[in-house]
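Peer 1: predicted model and sequence follow; I will ask about them next.
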Amino acid sequence: MSDDANLLTTPLYELHLAAGAKMVPFAGYAMPVQYPMGILKEHLHTRKKAGLFDVSHMGQIHLKGADAAAALEQLVPVDIVDLPRMKQRYALFTHEQGGVLDDLMVTRLETGLFLVVNAACKSQDIAHLQRHLSEQCKIEVLDDRALLALQGPEAKTVMQKLAPDVADMTFMTAKNLTLAGIDCLVTRSGYTGEDGFEISVPALKAKELAQHFLAESDVEWIGLGARDSLRLEAGLCLYGHELSPDITPVEAKLNWALSPARRANGIRAGGYLGAETIMKQFQDGVARQRVGIQPEGKMPVRAGAVLQNGSGEVVGVVTSGGFSPTLNRPIAVALVDSDAAAVATKLYASVRNKKVAVSVVALPFVKQNYYRG
Amino acid sequence: MSEIKYTQDHEWIEVHGDGTATIGITDFAQEQLGDLVYIEIPEVGTEIFKGEDVSVIESVKAASDLVAPVSGTIIDVNSLLEDEPEKVNDDAMGAGWFIKVEMSDVSELDDLMDEAAYQACLD
């Protein structure tokens, strides 16, 4: 558990313990899965007020140099070259066959690019960057920085008290801000579907900054349990579930993330790992795709549940599933055959040898509340 | 006069003087499971066998089972839990009871723990 000597800890570990967190091993770190409030209330608090998440286990990487953007484009199907300064874009590391190695956030800085990658993938991502890009840019792993996320409708009110400058930030933009005397890199983004911020802060100052946020009555610590249910409601992919080396971005329904500049008729078409497969799938469609699943009744349908059509043929598998605190009913996401992917298609999920009737529904389950200005 | 016994699966069984018993999960169990969101309640009249699963308990995080601590026949169920599984989080030892059974072999109770033994196993 939390005292496992093999687990890494974040700079906020002591604060989590002091807050009464239940710590679990996650991607090699001892992380808070929930606090005494519990996952349901933490989830609802984030939707209503502001939740503070320690996501310092995620990898923060700086790609330095004038050619960093062109270099990174070799590894992602996304327009990085024309990404304006202090703007952020969602990206995916793909491999030669078109599958996904990780998903990440890319921010254009004055000095290069700032990447945030998944904790479980970070060592592999760093090796991937070093193997492909080490001659074109300098790869600096920012392991002396922590990462906090402040999410929810009151996040902006809380942030504005520390830095009035955040008011004009829109979704997927970045700013260097001094928060309570601490130099931070702030982006207006997150993983909950709510308006909010991610704050990269020097590790030594992370505790101090977190305490500033927690002093606000609207702010509560939120654990990984609610982080997962929040992203599930918001229809966001989780690496290892909706994204994997066996799933392409087109199958994951992330066509919007494939920048026009990098598509077949774009100004810098292809030129990334797996481009041939991904561009062909973009053009011709795919045999299976990610969909929302609404189970009938109250029984949760979880990851791994096999989906069948009315004739009993297997047509897919649930990739994530659980309970939606906002909707007070179970929800799930699945990869299904494209001929079973139309909204309102009736399917059956196998749960403990029982068949649960489900329907294909549109994503997200809960409306996203990003601040677009 | 009734007496409460406990299992290693963190269930409680309140043994009544008439050969019947009420079964639920302990406060420790509900806390470990976290917020409950779905409970599959078995039907009255179902025969249950010690050690077998009788009910599914789903929390926000995962699914687990209520394991029969004794054998017998279900004579009553707490059907409120179908709509309000959170009752178990609020009052696991009381309003959050699961089922009531007519025991078929009271000697099975001998294997169970009393409160002192259960508390000792939690520490």
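Peer 2: Perfect, I can see it now.
Peer 1: run through the residues of chain B sitting next to chain A.
Peer 2: Within chain B, the positions adjacent to chain A are B:34-35, B:37-38, B:40, B:56, B:58, B:60-63, B:82, B:89 by Cβ under 8 Å from any Cβ of the partner chain. In short, each C-beta sits where N, CA and C put it, glycine included.
Peer 1: can you list these in JSON lines and add pLDDT?
Peer 2: Formatted as JSON lines, those follow (pLDDT from 0 to 100):
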{"residue": "B:Gly34", "pLDDT": "92"}
{"residue": "B:Asp35", "pLDDT": "94"}
{"residue": "B:Val37", "pLDDT": "95"}
{"residue": "B:Tyr38", "pLDDT": "96"}
{"residue": "B:Glu40", "pLDDT": "93"}
{"residue": "B:Val56", "pLDDT": "94"}
{"residue": "B:Glu58", "pLDDT": "96"}
{"residue": "B:Val60", "pLDDT": "91"}
{"residue": "B:Lys61", "pLDDT": "85"}
{"residue": "B:Ala62", "pLDDT": "87"}
{"residue": "B:Ala63", "pLDDT": "90"}
{"residue": "B:Glu82", "pLDDT": "92"}
{"residue": "B:Asn89", "pLDDT": "96"}
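Peer 1: would you list the buried entries among these?
Peer 2: The neighbour count (16 or more other Cβ atoms under 10 Å in any protein chain shown) marks B:34-35, B:37-38, B:40, B:56, B:58, B:60-61, B:63, B:89 as buried among the residues of chain B next to chain A.
Peer 1: can you show me the strands along the stretch 1-150 of chain A?
Peer 2: A:22-26, A:29-34, A:50-54, A:59-64, A:88-94, A:100-109, A:112-117, A:138-141, A:145-151 (DSSP state E, counting those that start in this stretch).
Peer 1: how about chain B?
Peer 2: Taking DSSP state E as the test, the strands found in chain B are B:3-6, B:11-15, B:20-25, B:36-40, B:47-48, B:53-59, B:63-67, B:72-77, B:99-103.
Peer 1: how about A:Ala120, what does it touch?
Peer 2: By Cβ atoms under 8 Å, 6 or more residues apart in numbering or on different chains, A:Ala120 lies in contact with A:27-28, A:239-240.
Peer 1: not counting sequence-adjacent ones, nearest residue to the residue in the stretch 201-350 of chain A that chain B sits nearest to?
Peer 2: Residue nearest to chain B within the stretch 201-350 of chain A (Cβ to the nearest Cβ): A:Phe323, separated by 4.1 Å. Leaving aside its sequence neighbours, A:Phe323 sits nearest to B:Val37 (Cβ to Cβ, 6 or more residues apart in numbering or on different chains; 4.1 Å).
Peer 1: again, but for A:Val356
Peer 2: Nearest one to A:Val356, counting by Cβ to Cβ, 6+ apart, is A:Ala349 at 4.7 Å.
Peer 1: could you do B:Gln32 as well?
Peer 2: B:His10 is the one closest to B:Gln32 (Cβ to Cβ, 6+ apart), at 7.4 Å.
Peer 1: hmm, back to that, so what's the residue of the stretch 201-350 of chain A closest to chain B bridging to?
Peer 2: Going by DSSP bridges, A:Phe323 is paired in beta bridges with A:Pro330.
Peer 1: now for it, how many residues are close by?
Peer 2: Other residues lying near A:Phe323 total 29 when counted by other Cβ atoms under 10 Å in any protein chain shown.
Peer 1: low-confidence ranges in chain B?
Peer 2: Residues of chain B meeting the criterion pLDDT under 70: B:1.
Peer 1: so which residue is dead centre in it?
Peer 2: The centroid of chain B falls nearest to B:Gly24 when counting by Cα atoms, centre = their mean (2.4 Å).
Peer 1: distance-wise, check it relative to B:Ile57.
Peer 2: 11 Å (Cβ to Cβ, to the nearest Å).
Peer 1: who touches both of these two?
Peer 2: Shared contacts of B:Gly24 and B:Ile57, defined by Cβ under 8 Å, 6+ apart, comprise B:Val88.
Peer 1: show me what contacts the residue in chain B sticking out farthest from the centre?
Peer 2: Within chain B, B:Asp123 marks the point farthest from the mean C-alpha position, 20.9 Å out by Cα atoms, centre = their mean. Applying Cβ under 8 Å, 6+ apart to B:Asp123 gives no contacts.
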